[in-house]
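Peer 1: how would this look folded up:
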Amino acid sequence: MTRFNLKSGDQLSPRTIPIWRIVQILVWLAGAFILFNLIFYPTVGIHLFWNVLIPVAPALLVIAVGAWRNICPMASTALFPRHMGLSKRKRLAFAQTGKLNLIAVIALLLIVPLRHAIFDMNGLATAILIVSLVVVAVFAGSLFEWKSAWCSGLCPVHPVEKLYGINNRLSLLNAHCDECHRCVAPCPDTTPSINPLSTKRTNYHRIAGLIMAGGFPGFVWGWFQVPDYPGITGIEQLVFIYKLPILGLLATIVLFLILRALFQERILVSIFSAAAVSCYYWFRIPALFGFGIFPGDGMLIDLTGFLPEWSIRGAICATTLFFFWWIVFSKQTRRSWEVRPALSTETGSDVPLVFRDHVLVP
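Peer 2: Residues are numbered from 1 along each chain as shown. The predicted structure is shown next:
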């Protein structure tokens, strides 16, 4: 599937397992370091989390989502009970997985606007948010099999992974799953060309997919039209921070439904995926360096006295061209994010999933 000629059933070798474990530990420690700073040195923590880590994440999900799935510190934490043999290993029905996917989308849409009023300015609040998500992730991992409940279910980043990772070119070996235990269907890691609308077996899947594929570009645009506020002082402010992102989301959903009659669905999802990530960097890059539409909001370092504005405009035009080329205009691959490991030999009524055409289905 890649230039290394990886194929289904391949697994990490004894030589590469320690390398991935070291990388996972280092990334986990980096996450713990950020969390420590959010609590005790909030200014530093906010910059590290919101102005360094988060701005890098969308590009990583576009280019190498499988790498992120292998090293995500939240995933490593959620899977700790399973690696230690402490998980109850329950299995989710297909409808339950759809519900979790929809909850993840709703959580994403609820959390992100609150950055303007709480999280972008309050390190402790951001730390509490992260710890709360960690508790949910560990609880999910202690109950359900492997990645089914958190990494492929409740994680608010997972809907974005499916949108931005639509044209993956790098299939990596799975650094968490030594065997495939048929924990979720379809498996997002091993299903070629997965996207938000790949699964339509339930209304939960369809609604979650439409919101992300059609609405996320408008949501991103609307989010950047709202300035930061030092805390929520009233219901009016709360309505304001949600109004433009939700209106943008609804507008592009309508546009998506109209255009669906003119384009193949996968091509349309690719266009909207590229539009969403390009819109993010169109506004985020200037804000990082002091050229944002709301001075000071989301700024990492003020370079207005050192860089001409045209250089920033050139950078955002370049990123837009790159993302549209990568996602829309370059050759559409049929690669999964990661290579499916060998099937587990476990059998029985508690393993209700089977493979059909390399995709897990009920």
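Peer 1: Break down the stretch 101-250 of the chain into its helices, ranges please.
Peer 2: 123-143, 158-164, 203-210, 216-223, 235-259 (DSSP state H, counting those that start in this stretch).
Peer 1: V339: which of those is closest?
Peer 2: Ranking the helices of the stretch 101-250 of the chain by proximity to V339 (CB to CB) places helix 158-164 first, at 16.8 Å. Just so you know, the C-beta spots here come from the backbone N, C-alpha and C atoms, and that holds for glycine as well.
Peer 1: who does that closest one touch, helix- and strand-wise?
Peer 2: helix 54-71, helix 94-111, helix 265-288 (3 or more CB pairs under 8 Å, 6 or more residues apart in numbering; DSSP states H and E).
Peer 1: sorry, back to before: export the helices of the stretch 101-250 of the chain to TSV and append columns for mean pLDDT, mean neighbour count and distance to L100.
Peer 2: As requested, these are exported to TSV (pLDDT from 0 to 100; neighbours: other CB atoms under 10 Å; distance: least, CB to CB, whole Å):
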stretch	mean pLDDT	mean neighbour count	distance to L100
helix 123-143	94	18	9
helix 158-164	95	25	9
helix 203-210	94	19	8
helix 216-223	98	25	18
helix 235-259	94	16	20
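Peer 1: between those helices, which gets nearest to I316?
Peer 2: Per CB to CB, nearest to I316 of these: helix 216-223, 13.7 Å.
Peer 1: Show me what that closest one is packed up against.
Peer 2: helix 235-259, helix 265-288.
Peer 1: would you turn those into TSV with distance to L108?
Peer 2: As requested, the helices and strands packed on helix 216-223 are exported to TSV (distance: least, CB to CB, whole Å):
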stretch	distance to L108
helix 235-259	11
helix 265-288	12
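Peer 1: what about the ones you listed, which gets the closest to Y41?
Peer 2: Nearest to Y41, of all the helices and strands packed on helix 216-223, is helix 265-288, at 20.0 Å by CB to CB.
Peer 1: right, so of the helices and strands packed on helix 158-164, which gets closest to P245?
Peer 2: That would be helix 94-111 among these, by CB to CB, at 7.5 Å.
Peer 1: what's the helix or strand for D302?
Peer 2: If you go by DSSP states H and E, D302 is not part of any helix or strand.
Peer 1: That one contacts G290, doesn't it?
Peer 2: Yes - the pair D302 and G290 passes the contact test of CB atoms under 8 Å, sitting 3.9 Å apart.
Peer 1: neighbour-wise, which of the two wins?
Peer 2: Per other CB atoms under 10 Å, whichever of D302 and G290 has more neighbours is G290, with 18 against 13.
Peer 1: and the gap between the most centrally placed residue in the chain and I166?
Peer 2: Closest residue to the average C-alpha location of the chain: V157 at 3.1 Å, with CA atoms, centre = their mean. Using CB to CB, to the nearest Å, V157 is found at 15 Å from I166.
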